[in-house]
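Asks: Sequence first, then the predicted structure:
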Amino acid sequence: MPSTVWSSIVSRLGGNKRAAEEEEDARPAKSRKTKEPSKASYAVTPRQLVMLGGFWEGVPPFNGDEDRLYRWLAEPALWARLVMNDLEPRVQQRIVQLHAGIHDGLDASGFVCWRTLPPLQPGVRVSLRAYGLKGTSVDLPRVTIKQLQFLPSSRFAAAIVETPFPAERLLRSLVNAGKDDELLYIDAIVADRYGAAYRLLCDLVAERRALHPERRLVVVLMSVVSSDCLSRYARWGFSYGGLVGSGSDDKVPLLVDRIDRLLHELKRFEASIAKAHAPSPCSVVDDTMH
């Protein structure tokens, strides 16, 4: 997890790590202890939760170190309570279980965002027939129309980390994917300029779809807990939620996509922390991180 992600948020939640380090450096060398310094403690108070209003009021307050803070903010049950409270309890619990299982399978925390791309369809065959004449068929090639012409991603300094997905079974359940569907899990995308990461992602997706054009492709990205990062994935067409069975007919899956509500509530939380503790904005992910 990049340090820039937390440099603003943790300071607004009452962290005293820097003060403790400065105090330690000011002590004489003989009086310094050799044991490791204790971890800084951070808190989300009941007053802050009440001021947020809505379903935040019933959220238990938090007090712990930085690692626990990140896991608390990325907890699927927390955000299901905030952005999926209109769903049936059975559906909500199923989505929470799948997201939490993916966290455990990846040994990571964040927002599991996904996007499905349909199989590439072949060209269209047009049949022409006039009265009294033999019919004629013409095969039209498959055409892709792009609104913008991007430069090749090799022009940018960009990198993408792709690994086999360790929680594949859970992911297939989350997005109702069949055994023949392709899965593409991306650990991280880093670029040196705005738009380069998206161009690189498009290149990688195009290469994967070309290998198996007849299959549906599911792309998964793990977003860090930051509205800046999450807003980029939302613009790229990714979803947060799942495609799960509901009611008595589990054969008809229910699409749950709450990335817009998730982004809204996360922005409110960041703004509340910024207002209560510091005048600077709480956008903690640099433009070069996606």
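Replies: Nice, thanks for sending it over.

Asks: just for the stretch 151-290 of the chain, where's the confidence low?
Replies: 151-166, 246-251, 276-290 (pLDDT under 70).

Asks: Which residue ranges of it form strands?
Replies: Ranges of strands in the stretch 151-290 of the chain, per DSSP state E, counting those that start in this stretch, are 158-162, 182-191, 217-223, 241-246, 249-257.

Asks: and the angle for the third one with strand 182-191?
Replies: It stands for strand 217-223. Interaxial angle, strand 217-223 versus strand 182-191 (axes from the mean of the first three to the mean of the last three C-alpha atoms, to 10 degrees): 40 degrees.

Asks: helices or strands next to strand 217-223 in the packing?
Replies: Strand 217-223 sits against strand 111-117, strand 182-191, helix 196-211, helix 227-235, with contacts defined as 3 or more C-beta pairs under 8 Å, 6 or more residues apart in numbering; DSSP states H and E. The way it works is simple: take the backbone N, C-alpha and C, and place the C-beta from them, glycine included.

Asks: For the last one, buried residues please.
Replies: With burial defined by 16 or more other C-beta atoms under 10 Å, the residues of helix 227-235 counted as buried are 227-234.

Asks: likewise stretch 116-126?
Replies: So stretch 116-126, judged by 16+ other C-beta under 10 Å, has buried residues residue 117.

Asks: Touching it from outside, list them.
Replies: With contacts defined as C-beta atoms under 8 Å, 6 or more residues apart in numbering, stretch 116-126 is touched by 137-142, 175, 177, 205, 209, 213-219.

Asks: if I pick the residue lying closest to residue 245 once chain neighbours are set aside, what's in contact with it?
Replies: Nearest residue to residue 245, sequence neighbours excluded (C-beta to C-beta, 6 or more residues apart in numbering): residue 253, at 5.8 Å. By C-beta under 8 Å, 6+ apart, the contact list for residue 253 reads 176, 243-246.

Asks: So which of these is the closest to residue 192?
Replies: residue 243 (35.1 Å; C-beta to C-beta).

Asks: which strand residues sit across from the closest one in the sheet?
Replies: residue 255 (DSSP bridges).

Asks: For it, which residues are in contact?
Replies: Contact analysis of residue 243 by C-beta under 8 Å, 6+ apart lists 174-176, 253-256.

Asks: Are any of the residues you listed buried, and if so which?
Replies: Of the contacts of residue 243, these count as buried by 16+ other C-beta under 10 Å: 174-176, 254, 256.

Asks: In a markdown table: those residues, plus distance to residue 90.
Replies: Listed next are the buried ones among the contacts of residue 243 as a markdown table, based on distance: C-beta to C-beta, whole Å:
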| residue | distance to residue 90 |
| --- | --- |
| 174 | 15 |
| 175 | 18 |
| 176 | 16 |
| 254 | 11 |
| 256 | 12 |
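
Asks: rewinding a little: which of the contacts of residue 243 sits closest to residue 196?
Replies: Closest approach between these and residue 196, by C-beta to C-beta: residue 175, at 27.2 Å.

Asks: residues in contact with that closest one?
Replies: Going by C-beta under 8 Å, 6+ apart, residue 175 touches 114, 116, 218, 242-243.
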